[in-house]
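Enquirer: next input, structure requested:
(chains A and B)
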Number of protein chains: 2
Amino acid sequence: MAKKKTSISLIGAGNVAYHLGLRFYEKGYPIQQVFSRKIRKAQKLSKKLNATATNQLRDIKPGSDIYIITVRDDAIVEVAKKLHPQVENALIVHTSGALSSKVLKPYSKNYGCFYPLQSFSINKTIDFEKLPVCIYSPQKKNRQKLYKLAQGICSNIYEINDQQKSVLHVAAVFVNNFTNHLYHIGQQITEDAAIDFAILKPLIRETMEKIEQHDPAEMQTGPAIRGDRETMEKHLQYLQKYPDWARLYRLISQGIAP
Amino acid sequence: MAKKKTSISLIGAGNVAYHLGLRFYEKGYPIQQVFSRKIRKAQKLSKKLNATATNQLRDIKPGSDIYIITVRDDAIVEVAKKLHPQVENALIVHTSGALSSKVLKPYSKNYGCFYPLQSFSINKTIDFEKLPVCIYSPQKKNRQKLYKLAQGICSNIYEINDQQKSVLHVAAVFVNNFTNHLYHIGQQITEDAAIDFAILKPLIRETMEKIEQHDPAEMQTGPAIRGDRETMEKHLQYLQKYPDWARLYRLISQGIAP
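Expert: Numbering: from 1, shown residues only, chains lettered A, B, ... in the order given. Presented below is the predicted three-dimensional model:
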């Protein structure tokens, strides 16, 4: 007889719960309950998952193998606290990239993280074959459970402890938020000069695609790495009308300089 | 009778000449001569293009409709000077993103730029349907010629004057070289903490793909745009061991702050 699959309850019914829930369900994991403070939201998702819905944490039922908390970071502790009386020492995890697994420690002796490192939006399909999922629990048996659970829905699984996760978050700010800000600057600079920003998009794509195969440092090009002072001076002169971006230009160029 | 296609000579036989040359040839443009200081390089390319090869600028023949100079930026003026006695007032263009078309003015009354905005490498196929090509000449009839020539090999053609091109170069430094530097920082931060940088790659790809459809400023996420001082302080504390990156973190976060 095939082993029974891990049963899951979803605490939260937002984008993360939606995509994870559907994927687990499609892969044959029984979903027992879906909680959302908005009952319609809970119902909408629970119907797709053949689960029950509730908007009361005190109605969460014991008996699931794992409770996955997908609510906003600043609501996680509050939710875990209210969950505790019902589920006691069941395995409880959250999906936050910013918070340590330890925030759940007071509410169950079995706790951890199940953190999919990608932004989820309702209209966008998630490629679970590529999605990196970071799992962690201080207890070995729970790490193993989480690893196995992740294996059931994806291929890129990383064991990342709480300390590493906080470092990962710093790095993500650089490569995601800060990169996006550079795109914004590029757009402003071009549009202020009546140039279509779209001209730069193939170059932007290529810059990104290169790092699939190569070390970014090895692939660096441009005036800073060449030590081309004349071009940099010309650029800084043009940037006089954007003093903050001129400072940024100097600082990053210094960082690139060989 | 079909109109005869523009005939081309290629001055330079590096990556740009290679990809442009092959594309023109495939699209039925007659290539007359290929110049390279290294005769073997000129011959290697000229064979593929059914053209003749030379390593002497004085042997460049008149009679091509256009001479495309693809040599290194710092060699362009020197090459144009030596080209002049042979070709006189033929249309001469260079493919540089950094230089003005005006550097060619002393050497022909018909001059301009034909600047493909993408980095070319020998082993990588260029998607000419997506490749942005910036063309410019101060003379209207030459602009029209260049536009038509570009239309023969690609679909994304932009008329970009010399002033705009220099602005485009500044913007390209931000979105290409500086973004690449942020990738480098992300890689260092993760690897120093024994985290596989590959975890971040799907996020990096997504950040880039979002700008195909949305304004970067509208899609900004993370602690700086949220004004989440607590997280930023935590990050800055971690970055103490990388003082330059801490400065960069502060400066970009200020730029992002609403």
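Enquirer: check contacts around residue A:216.
Expert: A:210, B:180-181, B:183-184, B:187 (CB atoms under 8 Å, 6 or more residues apart in numbering or on different chains). Where you see a C-beta, it was placed from the backbone N, CA and C, and this is true even at glycine.
Enquirer: for residue A:176, which non-adjacent residue is spatially closest?
Expert: residue B:207 (4.9 Å; CB to CB, 6 or more residues apart in numbering or on different chains).
Enquirer: isn't that neighbour up against residue A:175?
Expert: Yes - using CB atoms under 8 Å, residue B:207 makes contact with residue A:175 at a distance of 7.3 Å.
Enquirer: okay, now residue A:251: neighbour count?
Expert: Other residues lying near residue A:251 total 17 when counted by other CB atoms under 10 Å in any protein chain shown.
Enquirer: quick one: secondary structure of it?
Expert: In three-state terms, and counting by DSSP: H, G, I helix; E, B strand; the rest coil, residue A:251 is helix.
Enquirer: contacts only, for it.
Expert: The contact partners of residue A:251, taken as CB under 8 Å, 6+ apart, are B:244, B:247-248, B:251.
Enquirer: where does chain A dip in pLDDT?
Expert: A:1-2 (pLDDT under 70).
Enquirer: quick one, phi/psi of residue A:175?
Expert: When read as degrees, to the nearest 10, the backbone of residue A:175 gives phi -80, psi -20.
Enquirer: tell me the residues on the stretch 1-150 of chain A that lie near chain B, please.
Expert: A:98, A:117-119, A:127, A:130-132, A:134 (CB under 8 Å from any CB of the partner chain).
Enquirer: beta partners of the closest residue in space to residue A:52 that isn't next to it in sequence?
Expert: Nearest non-adjacent residue to residue A:52, counting by CB to CB, 6+ apart: residue A:33, 5.2 Å away. On the basis of DSSP bridges, residue A:33 is bridged to residue A:9, residue A:52.
Enquirer: let me see the contact set for residue A:33.
Expert: The neighbourhood of residue A:33, defined by CB under 8 Å, 6+ apart, consists of A:9-10, A:46, A:51-54, A:60-61, A:64.
Enquirer: and the gap between it and residue A:50?
Expert: Using CB to CB, to the nearest Å, we find residue A:33 at a distance of 11 Å from residue A:50.
Enquirer: cool, residue A:64 as well?
Expert: Separation of residue A:64 from residue A:50 (CB to CB): 14 Å.
Enquirer: those two: which is more packed in?
Expert: residue A:64 (21 against 10).
Enquirer: residue A:32 is in contact with the more buried one, correct?
Expert: Yes - using CB under 8 Å, residue A:64 is in contact with residue A:32, at 4.9 Å.
Enquirer: residues near residue A:98, how many?
Expert: 17.
Enquirer: same thing with the one 10 residues further on?
Expert: Using other CB under 10 Å, residue A:108 has 19 neighbouring residues.
Enquirer: do residue A:55 as well
Expert: Neighbour tally, residue A:55, other CB under 10 Å: 16.
Enquirer: ditto for the one 5 residues further on
Expert: With neighbours defined by other CB under 10 Å, the count for residue A:60 comes to 22.
Enquirer: next, give phi and psi for it.
Expert: Backbone torsions for residue A:60, taken as degrees, to the nearest 10, come to phi -60, psi 130.
Enquirer: and the contacts of residue A:33, which two are furthest apart?
Expert: Spatial extent of the contacts of residue A:33 (CB to CB) is set by the pair A:53 and A:64 at 14.3 Å.
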